[in-house]
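Undergrad: Let me see the structure of the following:
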Amino acid sequence: MNSSSSQPAFNDRMLSLGLARVSEAAALASADLVGRGDEKAADQAAVNAMREQLNLLDIAGVVVIGEGERDEAPMLFIGEEVGTGKGPGVDIALDPLEGTTLTAKDMPNALTVIAMGPRGSMLHAPDVYMDKLAIGPGFAEGVVTLDMSPVERVAALAQAKGCKATDLTVCILERPRHEAMISEVRNTGAAIRLITDGDVAGVMHCAEAEITGIDMYMGSGGAPEGVLAAAALKCMGGQIYGRLMFRNDDERGRAAKAGITDLNRIYTRDEMVTEDVIFAATGVTGGTLLPGIKRAPGWRTTETLLMRSKTGSVRRMIYKTPDQG
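TA: All right, here's what the predicted structure looks like:
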């Protein structure tokens, strides 16, 4: 391991194409399992492909957001080292298949997702729930906050946009725990787009409201996905706030293990991801953000969203590869 003084610089431009290949490989590996009803097999195929591609990159990478703790995940666990070890030290946040259920059922918006930044740039979020709130770019900081009620959030965003509450659409994960929130939002007159899974994609929808029709995301979901979503918005623009939620002492212990001492802290986007990052997502099943994998005799085609926060560049890359099956 190089000392910090001789550590190679994080060259986001040079590493971005490699990151796109990692995301593409995971998507292609899960292609044969779309609609086959086997969530675990789809996830494992994506994990294996993503790990294999990561280990080809000239990085000294550490997975800070991964498939779980070492004893829970055979590969790409939190703390796992990836890459050749010859390049810059980097943090990696990933979800090899965001939407395993969506993939198994061939439902929209399953993605492969990965983000990379300099070592120490990403919140080491424990595997607990996080209360999240996100909006797209172009608004004053703090126009909506986690301390507001759902009704207040809708009213504040409508005022900031110069529209009526009835003109807004809020994305919420469909879970019993959100029933009261859903009722409150509907009472404002705003529309709700319920999603069954995939809250990284749900947050990303806010950044392209004119395309997706989603103005705001709210509700609780996995904390690791919150960091991934923050990395995406770091590139696309927009605001996200997250507060960790703890149900028992075991989960509070996970926070302590991750070095988190203030259990009530509200994290902003730039506190979850403190430096410039690169982000890649590839569509597995078709959705509002990305088309799914397309098949033709002898060929498969993927589309990948590749972004760099340093330049604000957003590329859509189409990759056509011979079918290896």
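
Undergrad: use CA for all of it now, contacts and neighbours both
TA: Fine.

Undergrad: tell me the SS of residue 153?
TA: Following DSSP: H, G, I helix; E, B strand; the rest coil, we place residue 153 in the helix state.

Undergrad: tell me the contacts of residue 84?
TA: Counting by C-alpha atoms under 8 Å, 6 or more residues apart in numbering, residue 84 makes contact with 55-60.

Undergrad: Nearest to residue 138 among these?
TA: residue 59 (34.6 Å; C-alpha to C-alpha).

Undergrad: my read: residue 86 touches residue 60, true?
TA: Yes: here residue 86 reaches residue 60: they are 6.3 Å apart, a contact under C-alpha atoms under 8 Å.

Undergrad: who has more neighbours, those two?
TA: Shown here are residue 86 and residue 60; by other C-alpha atoms under 10 Å, residue 60 has more neighbours (22 against 15).

Undergrad: show me what contacts the more buried one?
TA: Contacts of residue 60 (C-alpha under 8 Å, 6+ apart): 81-90.

Undergrad: Equivalent analysis for residue 116, please.
TA: Counting by C-alpha under 8 Å, 6+ apart, residue 116 touches 90-93, 277-279.

Undergrad: Out of the residues you listed, list just those in helices.
TA: Of the positions in the contacts of residue 116, not one sits in helices, assigned by DSSP state H.

Undergrad: what would the contacts of residue 60 look like in JSON lines with secondary structure?
TA: Formatted as JSON lines, the contacts of residue 60 follow (three-state DSSP):
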{"residue": "81", "secondary structure": "strand"}
{"residue": "82", "secondary structure": "strand"}
{"residue": "83", "secondary structure": "coil"}
{"residue": "84", "secondary structure": "coil"}
{"residue": "85", "secondary structure": "coil"}
{"residue": "86", "secondary structure": "coil"}
{"residue": "87", "secondary structure": "coil"}
{"residue": "88", "secondary structure": "coil"}
{"residue": "89", "secondary structure": "strand"}
{"residue": "90", "secondary structure": "strand"}
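
Undergrad: Would you mind giving those as CSV with distance to residue 179 and pLDDT added?
TA: Output for the contacts of residue 60, formatted as CSV (distance: C-alpha to C-alpha, whole Å; pLDDT from 0 to 100):
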residue, distance to residue 179, pLDDT
81, 40, 95
82, 41, 96
83, 43, 97
84, 47, 96
85, 47, 94
86, 50, 93
87, 48, 93
88, 45, 95
89, 43, 96
90, 39, 97
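
Undergrad: Nearest to residue 30 among those residues?
TA: Nearest member of those to residue 30, counting by C-alpha to C-alpha, is residue 82, at 20.9 Å.

Undergrad: I'd say that closest one and residue 52 touch.
TA: No: counting by C-alpha under 8 Å, residue 82 stays clear of residue 52, with 9.1 Å between them.

Undergrad: what's the burial count for residue 133?
TA: For residue 133, using other C-alpha under 10 Å, the count is 24.

Undergrad: do you know how far it is from residue 103?
TA: Relative to residue 103, residue 133 is positioned 26 Å away (C-alpha to C-alpha, to the nearest Å).

Undergrad: picking that back up, so between residue 82 and residue 52, which is more surrounded?
TA: Taking neighbours as other C-alpha under 10 Å, residue 82 and residue 52 compare with residue 82 leading, 22 against 16.

Undergrad: For the nearest residue to residue 16 once chain neighbours are set aside, give me its contacts.
TA: Leaving out its chain neighbours, the residue that sits closest to residue 16 by C-alpha to C-alpha, 6 or more residues apart in numbering is residue 278, at 6.3 Å. Contacts here follow C-alpha under 8 Å, 6+ apart; on that basis residue 278 touches 12, 16, 19, 115-117, 231, 235, 306-309.

Undergrad: Apply 10 Å and report the result again.
TA: Residues near residue 278 by C-alpha atoms under 10 Å, 6 or more residues apart in numbering: 11-13, 15-17, 19-20, 92, 114-118, 231-232, 234-235, 306-310, 312-313.
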